[in-house]
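>>> Dropping the sequence and predicted coords here.
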Amino acid sequence: MSLEFEKPILDLESKIRDMRTYGEEQGIDLTSEIGVLESRLESLKQETFASLTRWQRVQVARAPGRPTGLDYVNAVFEGFEELHGDRTLGDDPAVVTGLAKLAGRSVVVIAQQKGRDTKENIHRNFGMSHPSGYRKAMRMFDLADKFGLPVVALIDTPGAYPGIAAEEQGQAWVIAASIQRMSRLRVPAVSVVIGEGGSGGALAIGVANRVLILENATYSVISPESCAAILWRDASQAERAAEALKLTARDLQTLEIVDRVLDEPVGGAHRDPEATMRQVGDALREELDALAPLDATELVRQRRSRFRRLGRFTELEAAASEVPDTRLD
Amino acid sequence: MSLEFEKPILDLESKIRDMRTYGEEQGIDLTSEIGVLESRLESLKQETFASLTRWQRVQVARAPGRPTGLDYVNAVFEGFEELHGDRTLGDDPAVVTGLAKLAGRSVVVIAQQKGRDTKENIHRNFGMSHPSGYRKAMRMFDLADKFGLPVVALIDTPGAYPGIAAEEQGQAWVIAASIQRMSRLRVPAVSVVIGEGGSGGALAIGVANRVLILENATYSVISPESCAAILWRDASQAERAAEALKLTARDLQTLEIVDRVLDEPVGGAHRDPEATMRQVGDALREELDALAPLDATELVRQRRSRFRRLGRFTELEAAASEVPDTRLD
Amino acid sequence: MALERWFRRGRPTRVDDDATPAGLWMKCSACNVQIYRKDLVSNLHVCPECGHHYRMPVDERIASLMDEGTFDRWSGALAPEDPLEFVDTEAYPDRMARVQGKQGRPDAIVTGEGRMHGEPVAMFVMDFFFAGGSMGSVVGEEIARAAERAADRGLPLVGLAASGGARMQEGALSLMQMAKTTTALESLNDLGLPYISVLTDPTTGGVTASFATLGDLVVAEPKALICFAGPRVIQQTIKQELPEGFQRAEFLLKKGMLDDVIERKDLKRKLVRYIRLLLDRPIELEREDAHVAGV
Amino acid sequence: MALERWFRRGRPTRVDDDATPAGLWMKCSACNVQIYRKDLVSNLHVCPECGHHYRMPVDERIASLMDEGTFDRWSGALAPEDPLEFVDTEAYPDRMARVQGKQGRPDAIVTGEGRMHGEPVAMFVMDFFFAGGSMGSVVGEEIARAAERAADRGLPLVGLAASGGARMQEGALSLMQMAKTTTALESLNDLGLPYISVLTDPTTGGVTASFATLGDLVVAEPKALICFAGPRVIQQTIKQELPEGFQRAEFLLKKGMLDDVIERKDLKRKLVRYIRLLLDRPIELEREDAHVAGV
Ligand SMILES: [Zn+2]
Ligand SMILES: [Zn+2]
């Protein structure tokens, strides 16, 4: 499977492969011809990925083959032991949690998990959590605090699941509680948006000291499709909505919502999962090293003030009808 | 409705009433005759209730008309505001919780609630909680700790409900968690067994600094009926089981499981609810006054050591095959 | 997603719109009885026939809760920007200018302090008639400042939520207000000051999933719609009928999510009682008048 | 109530009873295949054919988890009294004397310390073959002392539960062991030392409703019955069939109550891994042998 804008690249790659095979079969030296095509391929890739539209990045963020939470858990961490259940309602497969080592340091891992094929996608509910998933995450926050272990949260969800049971079991309550619980963590917390950062369902595990995002990942208040359906009553206007929502990694960096953007290999994470995961692993190690000297009080203070600052607004001159008694922090 | 051993008393009371009516109707002075009967009544009551068997006390503890949790809430406390729900699964009618004043002091109240008639009994599940009831209690413990309010827990349950949903939702887990959470309370906690103290379902809200019990209330590891069914395969041997289990207030005082036994009016709480509730109210005020000077650390320490001590066992001489390396605390 | 209803309709149904000429009769949408509009307003926007709770304008809400003449407004000096240069059927600044003009405030919230039965409290009230009470940077900042100022002054905080959720036009900045308001509430928590949240019709999306459900006590008005995902979104997802009363206050009370459902006429009395009980202050012994409108 | 099964049968089914002559064939109660008893024992009492986990005698359990020769026993110096002068079909002291003689210990528990793959740990193991693993004052006190001694020595605690619940013959004193064990575990909690609870078949009643489910991690063996109220009690109450697999480890894992279900052959390795991860100690990199019997 390929994304539409990837076609010219894939066509060229296929042409190079054919030429190489042909040369070998016929015993003809096509080295220079192939070299020309390869350099053309390289610039085509560079050009295409340097100028991806927001909507194209949305597609890369959702691309099949893009590494999922569990891929990172297995590639970046050592000795992962999955811990199940929320001790209350169930064990949500859309969130994988457990203990592992990262560069010799024990950490608590929380990973939103989409499926890597249709069957797993159904099992994982396409990465959309029920309340038990967030309760499981909160249990991990408790465990992390008790044993002084840093938290690594990998964000990749279209959003919290909108269903009857989810609402009955307090989807809103549990997302709010998870935001609050995570803001109170007395240990270092790093979140990485590795794919889709879908609304409150993503933020629930995104209240970290440092929030990282992959170059082609997105983080948004609403999906482009839903946004389009509301604004123009037409989900096919998703491309327009994606542009309007400014949901790419670079946009979010400009808005100071994320602290650091991690480059993906040219062609996107799904074309080179190993390199992408190495990149994320290195960044996590750096971030945890940097946070390690901070004590609990400082970690909580830093995290609170990080999120307290977010937003853009204008301070007005006092209006006649208003008490001008506001203050800046 | 009356209990079987109450019949002679009730017969005599009825005879006195009849005689009084007859005297009035006929204009005859029966004062001295009535006086004789009344003094006989008084000694009959005293004798009967001084020597109640354990099984008879079980019946008094369960008697219709005996004041229930909500009766106390309304009679002993002021300004009760019921707070509902466990924020997770539901709102269990078998446990009533809220805020109220006791002698001018704000307290958190947790009351196990049986029905006062058949309809309410069904609604309250006969005072048998589901997990959401214990989760609601734990939410109250959190509230009490946050606002520094003492906890008053009124125990009256045949036990935690044994059902499919209750097991699925972690009945055992939540009772254990409630015991642990209550043991960690940083505020004064007083529990009063006002009727039936049924096993773990009672203990879940019984881990208090002071545990009080009404004279005819019971507190047991198992109901006499279930005990009899297990030991003699015959639930009708409940009387025998009640004797064996030593489940009365005085027994429990001897075993140092309760700190204080509160007298009931002669005839039992159900014959004079107001006097009983006054008695409990006075005791609660005294206990809370006595605990008020203790700080959080001392309250936790005292509660932990109170329960740590319970049990009866013999320290053996070191056996050859055993390491004698035990120590007394 | 929860904003959907609001934007689809363009404007909410404003049966209690001040523009409706006073004194006219109207048909109650709940019981179909003809009621005199003045009676509805003087009854706190509750139908005198069937008790249906209509949405309440912010200023009347404040008047119904605060002792007369005690409310001191904090909010109003912050106005929205257009960080995304967002254009849908209308540019975001134009949309805001229009709504600001109509509602007479820079964004969908009023905050301040006052007294309730003599008890000093801080309060925020969301304005559902201002762009569906949607939460952007200004709403988030005003709530955050209100929480912090309440903490500075040692006041309990009462919040009245009414919102379609996060405001799309400020993108992920709106989403971040969920975390911002939550962290600002910590300043009250640090001091053990109560925050009581009142959910009114409707409270949805990112507002429900942040500060609105984080009260030490969380109560709701009768039949208020309270949800994360709106009923339409759920129905589209699951292609199935929703249960009767689903996502309404009474339903959520049964599901354990609310401390209580409180009729509007009792709200002031209950809130004061909660605050006094939580802060271990004397509760009033005299019977209070059940109707507190304009007090 | 959960003791019911045990007392009704008089004695538990002891397919793994040491009295059974070694070398005889037996029919697996799960798969009906004839298996050689010696193979069962050498396979940690797990059926080599179908993987059914039989109940395991305490000494073999300890040998399967602790490094050879490292286990130092703490328990054994406390014996039960008869505070209630309890007589059922037999006086409680007589019943105890009989079981003590058979099991060779004063009550239904063994505690001590040792090493698991070199990692020092404290451990308690309940003996289901001793009066159904019922918890009276001695079991409660031994667990409490084990927790406190582990805390004194800075050791993590691993507990293996197997119990019919609280012991009726000590009445409310048995009930109070639920609170006693819970408060004693606080000494580990105070120091941030892990307590890992392993639920084995069966874990029921007051044991499940106290220390056994309070582990920082709670895991179970395959198909172990784990419950508050036993299946028979529930069936009598609700007069209804119980769902397939109800109250079994796999069912409870799905219901969110367990961290994991672990096969006996993996238990030692997993426990060591958990402890090292929680205490931020190096985890072993070499592949460990899956079969750890007698190691
Ligand atoms: Zn009406
Ligand atoms: Zn088998």
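Everything's here; your move. Ligands and ions are numbered 1, 2, ... in the order given.
>>> all contacts plus neighbour counts: C-alpha atoms, from now on.
Will do.
>>> can you pull the contacts of the residue of the stretch 51-200 of chain C found nearest chain B?
In the stretch 51-200 of chain C, the residue that lies nearest chain B is residue C:192 (6.1 Å; CA to the nearest CA). Going by CA atoms under 8 Å, 6 or more residues apart in numbering or on different chains, residue C:192 touches B:146-147.
>>> what does the model give it for pLDDT?
With respect to pLDDT, residue C:192 scores 97.
>>> could you check the distance from it over to ligand 1?
Residue C:192 sits 41 Å away from ligand 1, going by CA to the ion, to the nearest Å.
>>> Where do the strands of the stretch 151-295 of chain C begin and end?
C:157-163, C:195-203, C:217-220, C:260-261 (DSSP state E, counting those that start in this stretch).
>>> quick one: what helix or strand has the residue nearest the centre of chain A in it?
Centroid check for chain A by CA atoms, centre = their mean gives residue A:193 as the closest residue, at 2.0 Å. Assigning secondary structure by DSSP states H and E places residue A:193 in strand A:189-198.
>>> who does that strand pair up with?
Strand A:189-198 has the following strand partners under DSSP bridges: strand A:151-157 (parallel), strand A:210-214 (parallel), strand A:218-220 (parallel).
>>> would you say residue A:287 is within a strand?
No - Residue A:287: not assigned to a strand; according to DSSP: H, G, I helix; E, B strand; the rest coil it is helix.
>>> and the helix or strand where residue A:165 lies, does that touch chain D?
Element membership for residue A:165 (DSSP H and E) is helix A:164-168. No - Helix A:164-168 does not reach chain D (CA under 8 Å from any CA of the partner chain); its nearest approach is 14.6 Å.
>>> What sits closest to residue C:74 if chain neighbours are left out?
Closest residue to residue C:74 apart from its sequence neighbours, by CA to CA, 6 or more residues apart in numbering or on different chains: residue C:112 at 4.5 Å.
>>> what about the helix or strand harbouring the one you found, average pLDDT?
Using DSSP H and E, residue C:112 sits within strand C:109-116. Averaging pLDDT along strand C:109-116 gives 98.
>>> next structured bit after it?
Assignment by DSSP H and E places the next element after strand C:109-116 at strand C:119-126.
>>> Neighbouring strands - and their directions - for that following strand?
By DSSP bridges, strand C:119-126 pairs with strand C:109-116 (antiparallel), strand C:157-163 (parallel).
>>> so residue C:52 sits right up against residue C:46, yeah?
Yes - if you go by CA atoms under 8 Å, residue C:52 and residue C:46 touch, sitting 5.4 Å apart.
>>> Looking at these two now, which is surrounded by more residues?
Counted by other CA atoms under 10 Å in any protein chain shown, residue C:52 and residue C:46 do not tie: residue C:46 has more neighbours, with 21 against 17.
>>> Once you drop chain neighbours, what's closest to that one?
Among residues not flanking residue C:46 along the chain, residue C:53 sits closest, at 4.5 Å (CA to CA, 6+ apart).
>>> quick one, what contacts that neighbour?
Residue C:53 sits next to C:45-47, C:221-223, C:264 when contact means CA under 8 Å, 6+ apart.
>>> before we move on, back to that, would you tell me which of the strands paired with strand C:119-126 gets closest to ligand 1?
strand C:157-163 (21.2 Å; CA to the ion).
>>> Residues in contact with that closest one: which ones?
Against strand C:157-163 from outside (CA under 8 Å, 6+ apart): C:121-128, C:132-135, C:147, C:150, C:193-205, C:207, C:212.
>>> swap in stretch A:109-124?
Applying CA under 8 Å, 6+ apart, the set of residues contacting stretch A:109-124 is A:64-65, A:68-70, A:73, A:92-100, A:125-128, A:137, A:140, A:151-157.
>>> Distance from it to the middle of the chain?
Distance, stretch centre to chain centre, for stretch A:109-124: 14 Å (CA atoms, centre = their mean, to the nearest Å).
>>> Next, the distance between the ends of that stretch.
17 Å (CA to CA, to the nearest Å).
>>> Tell me where the model's unsure across the stretch 101-250 of chain A.
Along the stretch 101-250 of chain A, the model assigns pLDDT under 70 to no residue.
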